[in-house]
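*Asks:* Provided below for reference: sequence and predicted model.
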Amino acid sequence: MPISEGRTVSVALPPHGGEGLLGFPAAPTRGIVLFAHGSGSSRFSPRNAFVADALRRAGFATLLFDLLTDDEAEDRANVFDIALLAKRLDHAATWVRDMAAGRRSPLGFFGASTGAAAALVAAAGRDDVAAIVSRGGRPDLAGPALTKVTAATLLIVGGDDPEVLSLNKAAYRRLSCTRRLEIVSGATHLFEEPGTLEAVVALARAWFEHHLASDAAEAAHAVQRSA
């Protein structure tokens, strides 16, 4: 899974000082996607890096960052502390909004495993998140926040991941926003099978192109009309 060269810079996110990788596409930014890793994964997650690279090539800026410090990650309980993870993601989204490039760009979240629950909880408390994609996620762990999510939400699950698929189906029924459940045939939880991660990329890219890029175009037209 090669990562194409692009303009990527290392950043530190307040207030906990989590390290991150902020990447920009060569073309004008169509939106910014923040990645919420799960199960103790870091900003160097090869699967999320693969997805992020594809999104940058499609015109989206990306932010991969550590939700937990190294010391925090050693405590397994923190990996399942959805409130803590969501708070860190919320802080990161606010930090992005404070950047010049992030003031008018629509925001999206991409979450994996417990990071998907954090993405849903964080989005439920904000009005500036346009789209969410979950890969092999645990949206069920978002609890009551599921009914408050307004961002268009795509749940991607492996067809050979029956337990997580069942949990996603239950969470899907509780969502009232624009939503879709996509099952990738032959994929297990980590999408390690040939072609399955590429399927995730295609689904995520199409979702963000529809729900983020369209928002960006509408914003640009609004600015032009007011000029």
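*Replies:* Yep, that arrived. Remember, it's a predicted structure, so these values are computed and weren't measured experimentally.

*Asks:* Show me the contact partners of the lengthiest helix in the chain.
*Replies:* Among the segments of the chain that qualify as a helix by DSSP state H, the longest is helix 82-98. With contact meaning CB atoms under 8 Å, 6 or more residues apart in numbering, helix 82-98 is reached by 13-16, 18, 20, 32, 34, 36, 63, 65, 67-68, 78, 102-103, 107, 109, 114-115, 117-119, 121-122, 125-126, 128-129, 141-143. C-beta: built from backbone N, CA, C; applies to glycine.

*Asks:* Please identify the buried residues of that helix?
*Replies:* When neighbours are counted by 16 or more other CB atoms under 10 Å, the buried residues of helix 82-98 are found to be 82, 84-93, 95-96.

*Asks:* so how far is the next helix-or-strand element following that helix from its chain's centroid?
*Replies:* Remark: after helix 82-98, the chain's next helix or strand is strand 107-112, criterion DSSP states H and E. Here strand 107-112 is found 1 Å from its chain centre; the criterion is CA atoms, centre = their mean, to the nearest Å.

*Asks:* contacting residues around the spatially most central residue of the chain?
*Replies:* Nearest residue to the geometric centre of the chain (CA atoms, centre = their mean): residue 110, 1.2 Å. For residue 110, the contact set (CB under 8 Å, 6+ apart) comprises 33-36, 48, 51-52, 55, 119, 132-135, 204.

*Asks:* just residue 62 next, same as before
*Replies:* Here residue 62 is in contact with 21-23, 32-35, 52, 55-56 (CB under 8 Å, 6+ apart).

*Asks:* which of those lies closest to residue 163?
*Replies:* Nearest to residue 163 among these is residue 35, at 23.6 Å by CB to CB.

*Asks:* ok, the helix or strand harbouring the closest one: who's next to it in the sheet?
*Replies:* Using DSSP H and E, residue 35 sits in strand 32-36. Here strand 32-36 has these sheet partners by DSSP bridges: strand 61-65 (parallel), strand 107-112 (parallel).

*Asks:* Need the per-residue pLDDT for residue 123.
*Replies:* As predicted, residue 123 sits at a pLDDT of 98.

*Asks:* Shouldn't it be within a helix?
*Replies:* Yes: Residue 123 forms part of a helix when assessed by DSSP: H, G, I helix; E, B strand; the rest coil.

*Asks:* Okay, it and residue 184: tell me how far apart.
*Replies:* 23 Å (CB to CB, to the nearest Å).
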